[in-house]
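K.L.:
Need the 3D shape of this:
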Amino acid sequence: MRPSLILAMLIALPVVALAAPAEPRKPLDLSRFMGRWYEQMRIPNMAEHDCYAAHQDWSQVAPGRFMILQTCHGGSEAGPERRMRTPARLIDPSSTAKFEASFFGGLIHKRYWVLDHADDYGWMIACTDDGKYASILARTAALPSGQLAELKARAAALGLAAGRLVFVGRGAK
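P.N.:
Just a heads-up that it's a prediction; the model follows:
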């Protein structure tokens, strides 16, 4: 291997290490976490393309196991409703903030971290375990713009690509 290539790899290594996703800040009280969460902001992804007025309904089905009913509307908030049931399970019972969800009958598995949440469980910041896709969700269908700006700044402080977060809550265009 050429010395210049080795040097470039060594220089890039710390940058890659800095890009590692954050860890959850605090555990979840799962009984308080269950219920409806409205998506406010997200980093765009193909799975949620053309998905408006999205929300998730979490319910516990067994210790450490959950069912997530994901609902959104195609085309606009008034568009046809699309639903998907997604089973999930805790992967780290000590933190209770790390989940693995399975899609398409278990063909695809994806891990998600709840990085931070309000003490009253009014909002949460979640992301994929690699930090690539993040979202801000709340118990109410719409948060004030000032609070959304604060949560976006909080997501940036957690190391997420907050500049890529887009508003997808009620009234999004």
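
K.L.:
got the residue ranges for the strands in this protein?
P.N.:
35-42, 51-62, 65-74, 81-90, 98-103, 108-117, 123-128, 134-138, 166-167 (DSSP state E).

K.L.:
Tell me which of these is the most buried.
P.N.:
Mean neighbour count (mean count of other Cβ atoms under 10 Å) peaks for strand 134-138 among those, with a mean of 25. All C-beta atoms are positioned from the backbone trio N, CA, C, and that covers glycine.

K.L.:
what's that one packed up against?
P.N.:
On a contact count with 3 or more Cβ pairs under 8 Å, 6 or more residues apart in numbering; DSSP states H and E, strand 134-138 meets strand 35-42, strand 123-128, helix 145-157.

K.L.:
Looking only at the longest one, what residues are buried by neighbour count?
P.N.:
For helix 145-157, burial by neighbour count (16 or more other Cβ atoms under 10 Å) applies to 148, 151-152, 154-155.

K.L.:
Sort out which residues of stretch 164-173 are buried, please.
P.N.:
Those buried within stretch 164-173 under the rule 16+ other Cβ under 10 Å are 165, 167-170, 172.

K.L.:
Which two among those residues are spaced furthest apart?
P.N.:
Farthest pair in these (Cβ to Cβ) is Leu165 and Arg170. Separation: 16.2 Å.

K.L.:
wait, what's in contact with the residue nearest to Ser31 when sequence neighbours are not counted?
P.N.:
Nearest non-adjacent residue to Ser31, counting by Cβ to Cβ, 6 or more residues apart in numbering: Gln60, 7.9 Å away. The contact partners of Gln60, taken as Cβ atoms under 8 Å, 6 or more residues apart in numbering, are 30-31, 34, 66.

K.L.:
Narrow those residues to those that are buried.
P.N.:
By 16+ other Cβ under 10 Å, those give Phe66 as buried.

K.L.:
Out of the contacts of Gln60, flag the one nearest to Arg42.
P.N.:
For the contacts of Gln60, the minimum distance to Arg42 (Cβ to Cβ) is 20.0 Å, reached by Phe66.
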